[in-house]
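K.L.:
Sequence plus predicted model, see below.
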Amino acid sequence: MSKQMAVSDDQVDRSNQISINESLSEESKRQRDGPDAIGAFGTRTGESDLVFFQGILPEINGDVKGSEPIDKQIEMCLDRLELMLENRNTSLDSVMKVEIQLADTDRAGAVDRAYESRFDDVAFPPRTVVGVCSLPGGANVQLDVIAAEE
């Protein structure tokens, strides 16, 4: 059984006949290996209408601000998320789900207030809050986000 595949600027992996979009492949590699990655996280892999952002930490220029108060840390994470979404030509409106990882679950109230204020003019996307033992760079909060590109 043979399949005909139309390939323009993409390459075909001859071993399994999968079309590989070179620009996405390079972007994924850059995100996995680049200086923006702290910990074992990429910010986007694959090609679909969903975008997965993981390991969003409260950082500025690669420096994790773990000593800042929790409300400042969550604001930094949300600022980074908004910038990542802007880079994908979308906004907070496209967020479908957020996982918030907290090193101290007693601080969930401060995180909720920041979350609610940031999403005040859009529907709250569902969120899960998970307690963790520690986070990279001594951070107290980290986000994993799923958004939809339209």
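P.N.:
Received, thanks.
K.L.:
all contacts plus neighbour counts: C-alpha atoms, from now on.
P.N.:
Fine.
K.L.:
Excluding sequence neighbours, find me the nearest residue to Val129.
P.N.:
Once flanking residues are discounted, Val129 sits nearest to Ile100: 4.7 Å by Cα to Cα, 6 or more residues apart in numbering.
K.L.:
Please report how far that neighbour lies from Asp49.
P.N.:
22 Å (Cα to Cα, to the nearest Å).
K.L.:
which one of the two has more residues nearby?
P.N.:
Shown here are Ile100 and Asp49; by other Cα atoms under 10 Å, Ile100 has more neighbours (23 against 9).
K.L.:
That one bridge partners, please.
P.N.:
Val129, Leu143 (DSSP bridges).
K.L.:
so who does it touch?
P.N.:
Neighbouring residues of Ile100 by Cα atoms under 8 Å, 6 or more residues apart in numbering: 127-130, 141-144.
K.L.:
Of those residues, which is the most crowded?
P.N.:
Val141 (31 neighbours).
K.L.:
which residues sit in contact with the nearest residue to it once chain neighbours are set aside?
P.N.:
Spatial nearest neighbour of Val141, excluding adjacent residues (Cα to Cα, 6+ apart): Leu102 at 4.7 Å. By Cα under 8 Å, 6+ apart, the residues touching Leu102 are 108, 129-132, 140-142.
K.L.:
Phi and psi next, for Leu102.
P.N.:
Leu102 adopts backbone torsions of phi -120, psi 130, taken as degrees, to the nearest 10.
K.L.:
And it, how far from Thr90?
P.N.:
To Thr90, Leu102 is 26 Å away according to Cα to Cα.
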